[in-house]
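Okay, sequence plus prediction incoming.
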Amino acid sequence: MEEIGSFVSIIRTDEARIEGILVKVDLSNQRVAVKNARNFGSEGRKLREAQIPPSLLLHGCITLGSRQIKDMEIILLSPQERNFPSLSQRRIGARNKVDGPSYSEIAKGKKN
């Protein structure tokens, strides 16, 4: 699967956004694993409940089941951005240049 190793942005069902590097897609168990994951919180998406604050922690690896994922996007970075972690982190956090298949397309095995 060519998306492995790509930066991803995941909106969980609790409206928190997680970003990191996609390391595994397990279609049979409907799970994805993301390394170097950062939680950006709910960023105002929760309308009737308290917002989830962002976290400064960088998680080594987290696994999410399909029922925990509301949306997932692949974030495409240029080769130059991949070589400069500070540029990559700014780009990911700013959510610039988001492109790629949705989570449902990845789960169904479709490609752009």
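Looks like it arrived, so ask away. Numbers count the residues shown, from 1 in each chain.

Can you point out the buried residues in stretch 18-29?
18-23, 25 (16 or more other CB atoms under 10 Å). All C-beta atoms are positioned from the backbone trio N, CA, C, and that covers glycine.

and of the residues you listed, the nearest to residue 52?
residue 18 (10.9 Å; CB to CB).

pull the CA atoms of the helix or strand where the closest one lies into PDB?
In the assignment (DSSP states H and E), residue 18 maps to strand 17-26. The C-alpha coordinates for strand 17-26 follow below in PDB (Å, rounded to 0.1, in the frame of the first residue of the first chain):
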ATOM      1  CA  ARG A  17      -7.400  15.600  15.300                       C
ATOM      2  CA  ILE A  18      -4.400  13.300  15.300                       C
ATOM      3  CA  GLU A  19      -1.500  13.700  12.900                       C
ATOM      4  CA  GLY A  20       1.500  11.500  12.300                       C
ATOM      5  CA  ILE A  21       3.000   9.000  10.000                       C
ATOM      6  CA  LEU A  22       0.900   6.100   8.700                       C
ATOM      7  CA  VAL A  23       2.700   2.800   9.500                       C
ATOM      8  CA  LYS A  24       0.100   0.200   9.100                       C
ATOM      9  CA  VAL A  25      -3.400  -0.400   7.600                       C
ATOM     10  CA  ASP A  26      -4.900  -3.700   8.800                       C
END
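
ok, residues contacting that strand?
Residues outside strand 17-26 that contact it (CB atoms under 8 Å, 6 or more residues apart in numbering): 1, 3-12, 31-43, 59, 61-64, 74-75, 92-93, 106-107.

Are any of those residues buried, and if so which?
Looks like the contacts of strand 17-26 have 3, 6-12, 31-34, 36-42, 62, 64, 74-75, 92, 106-107 buried, using 16+ other CB under 10 Å.

The protein: helices as residue ranges?
Per DSSP state H, the chain carries helices over the ranges 79-82, 85-94, 103-107.

per-stretch mean pLDDT over those helices, give me the minimum one.
Mean pLDDT values for the helices of the chain show the minimum at helix 85-94, a mean of 46.
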